[in-house]
Structure formats: structure tokens, C-alpha cells
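A.B. asks: coords please:
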Amino acid sequence: MKKFGIAAFSLSVLFAAPAFAGTLEEVIANGMTIETANATYTVTLNDDGTYTTDIGIEGTWEQSGDEICFTRTTGESSCQVLPDGKVSGDSWEGETAAGESATVTIN
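C.D. replies: Model (predicted):
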């Protein structure tokens with residue numbers, strides 16, 4: 001499994017009580033911005049398990065253990081462990097479904 005793939009979020013909105021639940025709640029409430037060497041885009045996670053971006057990428061997302069997983073409508077998918085304790089304005093490093101390094105920032 002790849003580490004971070006905005007292009008493929010398939011995360012259910014059922015929150016167990018893992019440490020990252022606060023981070024996930026922040027992402028759902030505020031969205032996130034993904035910055036790679038080639039693009040910067042905003043991702044919105046919807047309560048129904050779908051996501052959209054401002055560059056036309058969309059799909060589904062779900063929680064899988066301590067990871068958030070994305071599946072693009074085009075089929076690419078990936079998962080990433082969410083860091084705990086992140087709030088609006090915080091960033092971390094990840095990787096897109098295409099394998100690009102990315103900085104993720106909670107809006």
C-alpha cells in the first residue's frame with residue numbers, strides 16, 4: 001500500500017477512538033490542501049464517504065484502522081497513517097497515489 005493518496009480516499013465516517021480521530025475530524029471539518037512539486041489543490045471530505053478536489057479529482061474515502069484510505073473514481077487507491085493531534089493550520093509530509101511527495105495542510 002502506498003502512503004498517502006489523496007486521489008483515493010475511501011474512508012467511512014465511523015470513528016473508533018484511535019489517537020488520529022481528532023486529526024480526521026479536523027480534516028472533515030476544514031478540508032486540506034495538498035502541495036506537490038507539480039500542483040497545489042484543496043480536498044474536501046464529505047460525510048457520505050466521498051471526496052472532491054478543486055482540480056477535478058474525486059472518489060471515496062474510508063477509515064481503515066489508523067489509516068485514511070482514498071479510492072479515485074478512476075481506480076487508483078492508497079492509504080496513509082494520519083498523525084495524531086493535528087489541527088487547522090498544521091502540516092505533515094506524505095505521498096500521493098501517484099507516488100509524489102506531498103505536504104498536507106489542514107485548512
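A.B. asks: This protein: strands as residue ranges?
C.D. replies: Taking DSSP state E as the test, the strands found in the chain are 32-35, 40-45, 50-53, 58-64, 67-72, 77-81, 91-95, 101-106.
A.B. asks: Next, the angle strand 91-95 makes with the last one.
C.D. replies: Per axes from the mean of the first three to the mean of the last three C-alpha atoms, to 10 degrees, the angle that strand 101-106 makes with strand 91-95 is 140 degrees.
A.B. asks: In its sheet, which strands sit next to strand 101-106, and in what direction?
C.D. replies: Applying DSSP bridges, strand 101-106 is found paired with strand 32-35 (antiparallel), strand 91-95 (antiparallel).
A.B. asks: chain center to it, what's the gap?
C.D. replies: Distance, stretch centre to chain centre, for strand 101-106: 9 Å (C-alpha atoms, centre = their mean, to the nearest Å).
A.B. asks: What residues of the lowest-mean-pLDDT helix or strand in the chain count as buried?
C.D. replies: Here the helix or strand of the chain ranked lowest by mean pLDDT, DSSP states H and E is strand 77-81, holding a mean of 87. Within strand 77-81, the residues that count as buried by 16 or more other C-beta atoms under 10 Å are 77, 78, 79, 80. Glycine gets a C-beta too; all of them are placed from N, C-alpha and C.
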